[in-house]
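Visitor: Provided below for reference: sequence and predicted model.
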Amino acid sequence: MKSLQLNVFPCVPPQVDLLTGRFDAENLQYKSTCIRDLVGIFRDESARQLLPDSLEVYRVEILVSPQQEGELLAGTTHLMPGKVGDEFFMTRGHFHQRREQAEFYFGLRGCGILLLQPEAAPAYSELVFAGSVHHIPSFTAHRLVNTGNDILSALAVWPAMAGHDYQALQPEGFSLRVYDREDGVFLEAANV
Ligand code: M6P
Ligand code: ZN
């Protein structure tokens, strides 16, 4: 390959390690979500209370962009392996405040399930693995579940003004839940 001979030097852009989803960039924001932050999210609340409050369930790193109409954000969720009782660790999950705004997730590491809950249709799910691509349509809540033994990392790209609406999912939550049972991973209706 020829070496670069330039009179004007291009900027070095931020980088992402596609094996882990970790960014190498100047402007990053981090958000950590621990067991103490997930009251009422898992089916077995007493099992949640038995785990250490400060146990980290997932962390998100976001490449900062301007918060303005038309802009996009990119971030990676790193969801730990683990369970609350027999229910796999998962993200809180959300609708967008701007319901019409969609999102993409890209599976990078580990394995799991993406739960998708449209406002006006039954919930469905997709397998997440390194290389999987997920279009999250408008008007659809989304949540990642880690069903493996490794960290599940997924890169997300979404509109900067989409916002997060966590309240709309309370108190019922998603209508599908994912459990670790003797004979495998079980995706079940939440009210069973
Ligand atoms: C992805 C994106 C973020 C989201 C994060 C964690 O990185 O969808 O917008 O904040 O996952 O999900 P939650 O907000 O449901 O905790
Ligand atoms: Zn989203």
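Guide: Looks like it came in fine. Ligands and ions are numbered 1, 2, ... in the order given.
Visitor: Report the mean confidence score over stretch 107-115.
Guide: Averaged over stretch 107-115, pLDDT sits at 98.
Visitor: next one: stretch 33-42
Guide: When pLDDT is averaged along stretch 33-42, the result is 97.
Visitor: What residues of it count as buried?
Guide: Neighbour-count burial for stretch 33-42, counted by 16 or more other Cβ atoms under 10 Å, picks out 33, 35, 38, 41-42. Heads up, the C-betas are built off the backbone N, CA and C, glycines and all.
Visitor: and the chain, which of its residues are near ligand 1?
Guide: 33, 60, 75, 77, 91-94, 103, 156, 158, 164 (Cβ under 6 Å from any ligand atom).
Visitor: Make CSV out of these and add secondary structure.
Guide: Formatted as CSV, these follow (DSSP: H, G, I helix; E, B strand; the rest coil):
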residue, secondary structure
33, strand
60, strand
75, strand
77, strand
91, coil
92, coil
93, coil
94, strand
103, strand
156, strand
158, strand
164, coil
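Visitor: circling back to that earlier point, out of the buried residues of stretch 33-42, list just those in strands.
Guide: Counting by DSSP state E, the members of the buried residues of stretch 33-42 that fall within strands are residue 33.
Visitor: What subset of the residues of the chain next to ligand 1 is buried?
Guide: Neighbour-count burial (16+ other Cβ under 10 Å) applied to the residues of the chain next to ligand 1 gives 33, 60, 75, 77, 91-94, 103, 156, 158.
Visitor: Phi first, then psi, for residue 167.
Guide: The phi and psi torsions at residue 167 (degrees, to the nearest 10) take the values phi -70, psi -40.
Visitor: now residue 47
Guide: Here residue 47 shows phi and psi, under degrees, to the nearest 10, equal to phi -70, psi -40.
Visitor: if I read this right, it contacts residue 41, doesn't it?
Guide: No: in this structure, residue 47 is not within contact of residue 41 by Cβ atoms under 8 Å, at 11.7 Å.
Visitor: now the helices: where do they sit in this structure?
Guide: Using DSSP state H, the helices found in the chain span residues 45-50.
Visitor: ok, now which ones touch residue 30?
Guide: Contact partners of residue 30, counting by Cβ atoms under 8 Å, 6 or more residues apart in numbering, are 59-62.
Visitor: Which pLDDT value goes with it?
Guide: In this model, residue 30 carries a pLDDT of 98.
Visitor: How about residue 192?
Guide: pLDDT, residue 192: 63.
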